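> From the sequence below, what's the structure:
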Amino acid sequence: VITPSSETLSDKEWADFQLVLQSAIGNLNNHRLNEGAMMEKDLILRINNILTQQDEVIKLEPLRQQKIREGITRLLEENVGKENYDGNRLEQELIYYIEKIDITEEQVRLKNHCDYFKSLLAEQEEAKGKKLSFILQEIGREINTTGSKAYDASIQKCGVLMKDELEKAKEQVLNVL
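Numbers count the residues shown, from 1 in each chain. I've put the predicted structure just below:
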């Protein structure tokens with residue numbers, strides 16, 4: 001099955017082979033550097049797109065609270081009658097309800113996670129794929145919680161767009177691992 005061969009390269013052939021090998025290794029390393037730079041650029045784009053959607057969520061948040069207030073008031077007026085409920089008690093309940101669905105904390109953590117992701121990406125450390133993957137999981141948790149607390153179609157739409165960017169970033173990070 002195997003026939004041993006005693007052929008050896010001459011010194012000239014070995015020198016030529018080393019040149020070709022060194023050139024191939026250099027080309028491979030250059031390709032990896034270029035590919036890494038493109039991946040970094042794409043990951044930054046994805047995180048910036050998430051932050052752009054987050055800015056939109058922050059703009060929509062006050063409107064969401066007002067819509068909730070108006071919707072509950074309207075329902076009470078239609079079902080109970082405007083004169084049959086205590087306005088002060090309604091305000092207390094609204095404050096409690098709005099605090100339960102407040103997304104401020106999630107938005108602060110989302111921004112911090114995105115900033116940390118970008119700073120980690122800029123570091124020169126070689127083995128950072130697992131850290132990046134973990135941060136993306138945390139970003140996903142904040143996006144999901146925001147969406148589930150939103151009770152607002154516009155904010156949920158922003159959440160869907162953020163999730164789309166997040167999934168693209170996760171695919172890229174899998175190439176780093």
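
> Please count neighbours and contacts with C-alpha atoms only from this point.
Will do.

> Next, residue 126: secondary structure please.
Here residue 126 takes the coil state, with states given by DSSP: H, G, I helix; E, B strand; the rest coil.

> Of all the residues in the helix or strand of the chain with the lowest mean pLDDT, which ones are buried?
Per-element confidence for the chain was summarised using mean pLDDT, DSSP states H and E. The lowest value among helices and strands belongs to helix 87-100, with a mean of 80. The neighbour-count check on helix 87-100 (16 or more other CA atoms under 10 Å) flags 94, 98 as buried.

> which of the residues in the very next helix or strand once past it are buried?
If you walk from helix 87-100 toward the C-terminus, the next helix or strand you reach (DSSP states H and E) is helix 104-122. Taking 16+ other CA under 10 Å as the neighbour-count basis, helix 104-122 is seen to contain the buried residues 106-107, 109-111, 113-114, 117-118, 120-121.

> now swap in stretch 133-141 and tell me
The neighbour-count check on stretch 133-141 (16+ other CA under 10 Å) flags 133, 135-136, 138-140 as buried.

> returning to that earlier point: for the least confident helix or strand of the chain, C-alpha coordinates in PDB please.
This file holds the C-alpha atoms of helix 87-100, laid out as PDB (Å, rounded to 0.1, in the frame of the first residue of the first chain):
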ATOM      1  CA  GLY A  87     -58.800  60.300  40.200                       C
ATOM      2  CA  ASN A  88     -56.300  60.300  43.000                       C
ATOM      3  CA  ARG A  89     -56.500  56.500  43.400                       C
ATOM      4  CA  LEU A  90     -56.200  56.200  39.600                       C
ATOM      5  CA  GLU A  91     -53.000  58.300  39.700                       C
ATOM      6  CA  GLN A  92     -51.500  56.000  42.400                       C
ATOM      7  CA  GLU A  93     -52.400  52.900  40.400                       C
ATOM      8  CA  LEU A  94     -51.000  54.400  37.200                       C
ATOM      9  CA  ILE A  95     -47.700  55.300  39.000                       C
ATOM     10  CA  TYR A  96     -47.500  51.700  40.300                       C
ATOM     11  CA  TYR A  97     -48.300  50.200  36.900                       C
ATOM     12  CA  ILE A  98     -45.900  52.500  35.000                       C
ATOM     13  CA  GLU A  99     -43.100  51.700  37.400                       C
ATOM     14  CA  LYS A 100     -43.600  47.900  36.800                       C
END
